[in-house]
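Trainee: How does the following fold in three dimensions:
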Amino acid sequence: MDRKTIRFGDPSFREIINDNYICADKTQYIHMMLKISKCCFLSRPRRFGKTLLLKTIDSLFQGDRKLFEGLWIDKSDYRFGKHPVLNFNMAYAKIRTPDDLIIRIKDVLRFMAEEQNVKITSNSYDMMLEQLLKKAYQKSTAQAWSSWWTSTMLR
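Mentor: Predicted coordinates for the structure are as follows:
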């Protein structure tokens, strides 16, 4: 009998599922959050599962339905598709001054723009964020439209 164990550290959702670790299925709550609101604020104590919840959402937005087989969301009306995910992790930043924070924010925004393969032209962090969000959205919408168009025309 293959016994499941708990995974410690900071694993991805994919690692937990593929390596058969114990994991609470929170996909029903994620589905409710997505249906109810476009914006959620997660406030919980340390070591309460916020990071794993966000990693689960990230995996869900990658559109890999096979990864969610057997979980609640697999049987739901959720339409699996690929969506851009922007992850602002400031956990390991060494921030001592307001200037350090601005530098870190700009670095994170530049990195995410590269990751999303979009170009941001501003050097102001607020405009950098706006450009990143708009361009990532436009790119994902264009890709979804292209995918829909291709599948419709091939029928």
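Trainee: all strands of the protein, in order?
Mentor: With DSSP state E, there are no strands along the chain.
Trainee: tell me, what residue is most central in it?
Mentor: Asp58 (2.8 Å; Cα atoms, centre = their mean).
Trainee: ok, it - contacts?
Mentor: Applying Cβ atoms under 8 Å, 6 or more residues apart in numbering to Asp58 gives the contacts Phe13, Val85, Asn87. To be clear about C-beta, it is placed using only N, CA and C from the backbone, and glycine gets the same treatment.
Trainee: Pull the number of nearby residues for the second one.
Mentor: Burial of Val85, expressed as a neighbour count using other Cβ atoms under 10 Å, amounts to 17.
Trainee: can you count the residues close to Gln28?
Mentor: For Gln28, the count of nearby residues is 13 (other Cβ under 10 Å).
Trainee: ok, it - contacts?
Mentor: Trp72, Ile73, Ser76.
Trainee: where in the protein is pLDDT low?
Mentor: Within the chain, the stretches with pLDDT under 70 are 1-3, 9, 38, 143-155.
Trainee: Okay, domains of it per the record?
Mentor: The chain is divided into the following domains under automatic domain parsing: 1-82, 89-155.
Trainee: so how far is the longest one from its chain's centroid?
Mentor: In terms of Cα atoms, centre = their mean, to the nearest Å, the centre of domain 1-82 is found 10 Å from the chain centre.
Trainee: Over to stretch 124-131?
Mentor: 20 Å.
Trainee: Next: stretch 92-110.
Mentor: The answer for stretch 92-110 is 21 Å, by Cα atoms, centre = their mean.
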